[in-house]
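mind looking at a prediction? Sequence and model below.
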Amino acid sequence: MPTPTTPPITLKLSALLTTFIHLPFHTVFQDCLDSGYPDSSGSYVPVFSFLIEHPSEGKVLFDLGVRKNAEGYPPHFNVPRVSQSRAGVSAKKDVAELLVEGGIDPKEIKHVIYSHLHWDHTGNPGPFVNADIVVGGEARSILDVQTRKPSMVVDEESNSKEEEETKTWVYPTNPLGTVLEFPRSMPVRFVDFVRKPDVEDEDEDEKTSDLDLVKQRVISPFMTFTHAVDFFDDGSLFLVDTPGHYPGHISALVRVSPSDSGSELTSTRNTLSGVYVFLGGDCCHNRQCYVPGGTREMSGKIQWDVGKARESVGRLRMLCEVCQGRRRGFPADGGGAGRQNDDTGECVCDVVVILAHEAERLEEGMPLFPQDLREWVVHRARKERVRGG
Ligand SMILES: [Zn+2]
């Protein structure tokens with residue numbers, strides 16, 4: 001359990017809009033995939049990045065959106081359609097430039113946390129020279145150069161380097177790679193929700209000797225999810241295991257307010273009381289797939305593991321149901337931090353979900369950087385809650 005802090009630490013949160021990308025409907029909804037919608041049938045959706053500011057631990061970015069002018073991707077990667085001019089948003093700036101305009105020096109960023117390593121989330125980490133990169137542990141399968149000996153019998157003298165197999169997806173190490181290499185000066189830290197038993201294996205040590213693994217405490221289960229990491233160890237930022245869309249996909253739960261002043265559910269013995277934002281990355285690509293009562297099933301088209309992706313969306317929907325008062329308490333296998341609520345059977349926190357491409361949030365007037373999201377989130381939380389409904 002996170003250590004209760006008095007008063008609870010809350011984080012400043014703002015949303016940056018880098019551009020709009022074209023999303024075919026058959027990659028969003030299963031019914032559109034089943035009906036054979038063409039690639040051209042779709043809509044332009046926003047690409048959000050988020051600035052999280054901790055009062056003492058500094059500034060963090062969650063996702064970096066699309067690179068400036070959608071340029072600089074690996075040559076073998078076919079960049080999908082990007083809109084440069086919708087809604088008066090200048091898409092000709094990347095996150096670093098937007099930050100500078102808002103008075104924040106990219107050198108102040110301490111961590112760049114990626115929901116996953118798709119092109120529209122990785123952006124350009126280059127200007128964040130004092131930051132490390134934080135990714136889900138399964139992203140190793142994308143990043144690592146895995147070498148495999150040709151046979152069980154290792155002949156030290158043959159030194160058969162040519163027969164080693166390159167597995168990385170990273171360009172230019174792999175000329176056909178589709179994930180751009182990170183700046184070499186930026187340490188990469190992996191969030192391991194499950195410790196691997198072979199972590200002390202000699203080869204493993206060698207392979208990860210330059211990596212500082214994220215060692216924060218794993219909470220399992222966590223609300224309606226199987227695992228989370230308390231990133232600052234103070235209950236203000238959790239990285240939540242939401243696998244399926246892409247190897248290592250994670251979400252973030254950010255505490256933005258100690259409690260909704262209009263709420264009677266402010267028990268101090270519940271460490272998760274307050275108002276949180278769930279930054280869902282690409283858990284799904286439209287809110288109709290996660291909202292309670294939503295009727296659209298997420299498309300299986302662009303999922304790494306459809307089964308896991310649908311399970312993650314199901315857990316997100318369950319979280320909304322609990323927080324909105326539609327479901328009493330967290331399920332038995334998803335106790336975690338919510339276990340303390342067993343006597344009341346109610347969740348004492350409010351959660352507002354923002355997906356990386358959730359167009360409706362813009363339509364609802366979500367303020368953009370340099371404006372702060374917190375007041376808007378508290379208002380939204382009150383609106384979306386239907387206690388006892
Ligand atoms: Zn995306």
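Yep, that arrived.

where does the residue in the stretch 1-150 of the chain that the ion sits nearest to sit: helix, strand or coil?
Residue nearest to the ion within the stretch 1-150 of the chain (C-beta to the ion): Asp120, separated by 4.4 Å. Every residue, glycine included, has its C-beta placed from N, CA and C. Using DSSP: H, G, I helix; E, B strand; the rest coil, the three-state assignment for Asp120 comes out as helix.

repeat that for Pro75.
Secondary structure for Pro75, judged by three-state DSSP, is coil.

ditto for Val322
Of the three states, Val322 takes helix under three-state DSSP.

for the one 3 residues further on, same thing?
Of the three states, Gly325 takes coil under three-state DSSP.

distance check, it against Asp350.
Separation of Gly325 from Asp350 (C-beta to C-beta, to the nearest Å): 10 Å.

again, but for Lys59
24 Å.

mind checking which helix or strand Phe190 is in?
Here Phe190 sits within strand 188-191, counting by DSSP states H and E.

please apply the same query to Leu239.
Counting by DSSP H and E, Leu239 is part of strand 237-241.

Tyr246 against Leu117, yeah?
Yes - applying C-beta atoms under 8 Å as the test, Tyr246 and Leu117 come out as touching, 6.6 Å apart.

before we move on, the earlier item: residues making contact with the strand holding Leu239?
Around strand 237-241, the neighbours that count as contacts under C-beta atoms under 8 Å, 6 or more residues apart in numbering are 11, 52, 54, 60, 113, 134, 136, 191, 193, 214, 219, 222, 225-231, 250-255, 278.

near the ion, which residues of the stretch 1-150 of the chain are found?
Residues of the stretch 1-150 of the chain lying close to the ion by C-beta under 5 Å from the ion are Asp120.

tell me, how many neighbours does the nearest residue in space to Glu321 that is not next to it in sequence end up with?
Counting by C-beta to C-beta, 6 or more residues apart in numbering, Arg327 is the residue found nearest to Glu321 once chain neighbours are left out, at 3.9 Å. Arg327 has 19 neighbours, counted by other C-beta atoms under 10 Å.

which phi and psi does Phe225 have?
Taking degrees, to the nearest 10, you get phi -110, psi 170 for the backbone angles of Phe225.

what about it, neighbour count?
A count of neighbours around Phe225, defined by other C-beta under 10 Å, yields 25.

surely it touches Ile250?
No - at 10.4 Å, Phe225 does not count as touching Ile250 under the criterion of C-beta under 8 Å.

shared neighbours, the two?
Here Phe225 and Ile250 have 240-242 as joint contacts, going by C-beta under 8 Å, 6+ apart.

just the buried residues out of the residues you listed, in ChimeraX syntax.
Command for ChimeraX that selects the buried part of the shared contacts of Phe225 and Ile250, burial taken from 16 or more other C-beta atoms under 10 Å:
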select :240,241,242
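
for Met298, state which of the shared contacts of Phe225 and Ile250 is nearest.
The shortest gap between Met298 and any of those belongs to Thr242, at 12.4 Å (C-beta to C-beta).

right, and the residue nearest to Glu321 touches Met318 too?
Yes - in this structure Arg327 lies within contact range of Met318 using C-beta under 8 Å: 6.8 Å.

burial of Asn243, as a residue count?
Heads up, residue 243 is Pro, not Asn. So Pro243, with other C-beta under 10 Å, has 23 neighbours.

where do the helices of the stretch 151-300 of the chain begin and end?
Taking DSSP state H, counting those that start in this stretch as the test, the helices found in the stretch 151-300 of the chain are 202-207.

quick check: residues of it near the ion?
Asp282.

any weak-confidence spans in the stretch 151-300 of the chain?
Applying pLDDT under 70 to the stretch 151-300 of the chain flags the ranges 151-166, 195-216, 260-272.

hmm, back to that, buried subset of the contacts of strand 237-241?
Burial by neighbour count, judged by 16+ other C-beta under 10 Å, picks out 11, 52, 54, 60, 113, 134, 136, 191, 193, 214, 219, 222, 225-231, 250-255, 278 from the contacts of strand 237-241.

picking that back up, now, among the shared contacts of Phe225 and Ile250, which is nearest to the ion?
Set against the ion, the nearest of the shared contacts of Phe225 and Ile250 by C-beta to the ion is Thr242 (13.2 Å).

pretty sure the closest one contacts Leu316?
Yes - assessed by C-beta under 8 Å, Thr242 is found in contact with Leu316 at 7.2 Å.

which residues are common contacts for the two?
Residues touching both Thr242 and Leu316 (C-beta under 8 Å, 6+ apart): 251, 280, 283.

show me the contacts for Ala309.
Per C-beta under 8 Å, 6+ apart, neighbours of Ala309: 243-245, 283-284, 298, 303.

where strands are concerned, which of those residues count?
Of the contacts of Ala309, none are assigned to strands by DSSP state E.

most neighbours out of those residues, which is it?
Within these, most neighbours by other C-beta under 10 Å means Cys284, with 31 neighbours.

what's His26 sitting at in phi/psi?
When read as degrees, to the nearest 10, the backbone of His26 gives phi -70, psi -10.

swap in the one 10 residues further on?
Here the main-chain torsion angles of Gly36 (degrees, to the nearest 10) amount to phi 70, psi 30.

and the nearest residue to it once chain neighbours are set aside, how many residues sit next to it?
Excluding the flanking residues, the one nearest Gly36 by C-beta to C-beta, 6+ apart is His26, at 7.6 Å. His26 has 22 neighbouring residues, counting by other C-beta under 10 Å.

His26 reaches Ile302, doesn't it?
No - look at His26 against Ile302 with C-beta under 8 Å: they stay out of range, at 9.4 Å.

that older thread, what's the strand holding Phe190 packed up against?
On a contact count with 3 or more C-beta pairs under 8 Å, 6 or more residues apart in numbering; DSSP states H and E, strand 188-191 meets strand 132-136.

what residues does the strand it packs on touch?
Identification of contacts with strand 132-136 by C-beta under 8 Å, 6+ apart yields 110-114, 116-117, 125, 143, 182, 186-191, 212, 214, 239, 241, 243, 247-250.
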